[in-house]
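> Below: sequence and its predicted model.
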Amino acid sequence: MINIEEIIFGNLIYREEYARKVIPFLRVDYFRDRNHKVIFELIDKYVKQYNKLPTKEALLIDIQSSTDLNEEQFKLTKELIGTLKESEDRELDWLVDRTEEFCKDKALYNALMEAIKLVDKKDDKISVGSIPKILSDALGVSFDSSIGHDFLLDSDERFELYHKRESKIPFDLEYFNKITDGGLPKKTLNIALAGTGVGKSLFMCHCAAYNLISGYNVLYITMEMAEEKIAERIDANLMDVTLDELKDLPKDSYDRKITKIRDKAKGKLIVKEYPTACAGSANFRHLLGELKVKKNFVPDIIYIDYLNICASSRIKPNSNVNSYMYIKAIAEELRGLAVESNVPIISATQTNRSGFTNSDVGLEDTSESFGLPATADFMFALISTEELERMNQILVKQLKNRYGDPGNNRRFVVGIDRSKMKLYDVEVAAQHNIMDDGPVADKGKFGEKITEFKFDKTKFQNFK
């Protein structure tokens with residue numbers, strides 16, 4: 001009786017169209033019998049080396065060099081190669097579908113065996129917390145039939161894409177929605193650039209609070225402040241009380257406000273603290289698996305406070321790598337996590353020394369690595385001056401924007417209430433004084449010299 005493995009091997013050596021479709025997805029651990037493993041390894045090695053399908057004769061010659069087969073295994077493998085033939089059912093789609101089912105079944109079986117081994121503590125190299133990812137990877141096995149976008153033939157699909165409304169997570173701030181065309185798309189990395197104490201964490205806490213009320217599941221990862229401190233800021237925001245008032249609230253008043261928030265909130269919010277510079281994308285990926293299994297929680301958006309104090313999962317902290325490469329690696333890993341998890345990630349970074357006192361922050365003021373803005377999809381600066389502080393405002397400047405033209409509304413202001421950890425839209429009139437071609441306020445000596453300079457055209461009369 002012929003089995004699926006023999007059908008696969010027969011068509012791998014006789015039918016090139018089939019082989020090209022399936023061989024990238026086949027793995028040696030999908031085959032249980034030793035002789036099946038040997039035959040697949042011989043075929044796979046031949047195709048990779050010569051870019052052609054092997055013949056029976058080639059396989060029979062190559063098997064002679066196998067040194068890890070005993071006499072009985074060698075005999076069985078040689079006999080099996082001799083019986084290989086092209087499938088009588090020549091329907092290519094049927095063959096591919098049956099092979100895909102075979103790969104899915106074997107991947108799931110292998111994953112279950114690995115999970116059992118972990119539960120039995122037979123593998124100390126991998127933790128039990130890895131089981132959800134092992135199973136999800138196995139369940140995700142499939143043959144990708146797409147081999148690219150045909151510009152002319154796929155024009156209808158492209159037209160539908162142009163008119164399809166992308167799923168985005170909106171802000172409650174008008175101008176942020178304007179510059180992002182309605183909010184943050186999934187699979188993106190979004191960065192707030194600001195100096196110390198300007199409002200990076202405040203911005204993220206405010207947005208996280210709004211997301212929660214709007215029905216989104218929010219994961220807030222903090223590397224700088226304690227979980228309770230982040231929760232305290234979000235409490236103040238949602239309860240519309242100052243941080244000082246929050247500490248003085250009686251228990252019954254606090255419980256009533258929490259009940260109102262619980263009734264109004266349609267989503268969930270999880271705050272997770274990690275030690276500074278001790279966790280990176282690998283830890284966050286593990287956390288996502290744990291939350292899915294233990295709390296049935298899958299986030300719609302992730303906040304990471306903040307990027308520069310994360311650890312790279314690829315580069316060791318003490319390795320001989322400069323800050324440019326290290327921070328760029330962290331940014332790439334977080335963006336990869338956003339793509340893998342199908343969520344937008346919002347994080348922040350510090351300005352460098354010159355940017356700290358600059359009232360017109362630019363990309364060049366990014367601390368440690370210019371590789372960060374190169375990786376981010378959306379990057380904006382939060383700028384505060386004494387004048388803005390007096391008006392309870394903070395300036396936002398677009399630095400990079402893959403969602404729209406950064407020249408439109410390059411600068412705008414939003415209201416800020418630091419005591420309640422809130423941001424809010426200001427009157428339209430407040431935006432009129434924001435120029436798109438100059439700094440907010442140049443109070444340095446360079447600005448004074450420009451003002452004092454007078455042009456004397458008589459000195460340049462003979463200049464040609």
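Sure thing, it's come through. Numbers count the residues shown, from 1 in each chain.
> so how many other residues sit close to Q398?
Q398 sits with 22 neighbouring residues when counted by other CB atoms under 10 Å. Backbone N, C-alpha and C define where each C-beta goes, glycine included.
> Pull up the pairing partners for the strand ranked longest in the chain, direction included.
Taking DSSP state E as the criterion, the chain has its longest strand at strand 393-401. Neighbouring strands of strand 393-401 in its sheet, by DSSP bridges, are strand 378-383 (antiparallel), strand 411-417 (antiparallel).
> Name the residues that touch the first one?
This points to strand 378-383. Applying CB atoms under 8 Å, 6 or more residues apart in numbering, the external contacts of strand 378-383 come out as 180, 184, 188-194, 198-200, 203, 351, 359-363, 365, 372-373, 394-403, 440.
> Now the buried members of those residues.
Among those, those buried by neighbour count (16 or more other CB atoms under 10 Å) are 180, 184, 188-194, 198-200, 203, 351, 359-361, 363, 365, 372-373, 394-401, 403, 440.
> can you tell me which of those residues are in helices?
Judged by DSSP state H, these include K200, F203, L372, P373 as members of helices.
> how close does the last one get to G404?
For P373, the distance to G404 (CB to CB, to the nearest Å) stands at 17 Å.
> Can you list the low-confidence ranges for the stretch 1-150 of the chain?
Along the stretch 1-150 of the chain, segments meeting pLDDT under 70 span 1-2, 88-90, 122-129, 144-147.
> Helices of the stretch 151-300 of the chain, residue ranges please.
In the stretch 151-300 of the chain, the helices defined using DSSP state H, counting those that start in this stretch lie at 155-162, 174-179, 200-213, 227-239, 243-248, 251-264, 281-295.
> Would you format those as JSON lines with distance to L60 and mean pLDDT included?
Rendered in JSON lines, the data for the helices of the stretch 151-300 of the chain read as follows (distance: least, CB to CB, whole Å; pLDDT from 0 to 100):
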{"stretch": "helix 155-162", "distance to L60": "47", "mean pLDDT": "83"}
{"stretch": "helix 174-179", "distance to L60": "66", "mean pLDDT": "95"}
{"stretch": "helix 200-213", "distance to L60": "63", "mean pLDDT": "96"}
{"stretch": "helix 227-239", "distance to L60": "65", "mean pLDDT": "95"}
{"stretch": "helix 243-248", "distance to L60": "79", "mean pLDDT": "93"}
{"stretch": "helix 251-264", "distance to L60": "72", "mean pLDDT": "94"}
{"stretch": "helix 281-295", "distance to L60": "46", "mean pLDDT": "90"}
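> Please identify the most buried of these.
Across the helices of the stretch 151-300 of the chain, the average number of neighbours (mean count of other CB atoms under 10 Å) peaks for helix 200-213, which reaches a mean of 24.
> Contact partners for the one residue sitting closest to the centre of the chain?
Compute the mean C-alpha point of the chain, and by CA atoms, centre = their mean the closest residue is A338, 1.6 Å away. By CB under 8 Å, 6+ apart, the contact set of A338 is K186, K187, T188, L189, I302, P344, I345.
> Where is the longest helix in this protein?
The chain, longest helix under DSSP H: helix 92-119.
> Can you list the buried residues in the helix or strand following that one?
For helix 92-119, the succeeding helix or strand toward the C-terminus, using DSSP states H and E, is helix 131-139. Of the residues in helix 131-139, I131, P132, K133, I134, L135, A138 count as buried by neighbour count, 16+ other CB under 10 Å.
> right, and the last one touches M113 too?
No: under the criterion of CB atoms under 8 Å, A138 makes no contact with M113, lying 10.5 Å away.
> Now do N318, the pLDDT please.
You'll see N318 listed with a pLDDT of 70.
> What of D442?
At D442, pLDDT is 44.
> and stretch 372-391, how far apart are its ends?
Counting by CA to CA, to the nearest Å, you get 32 Å between the two ends of stretch 372-391.
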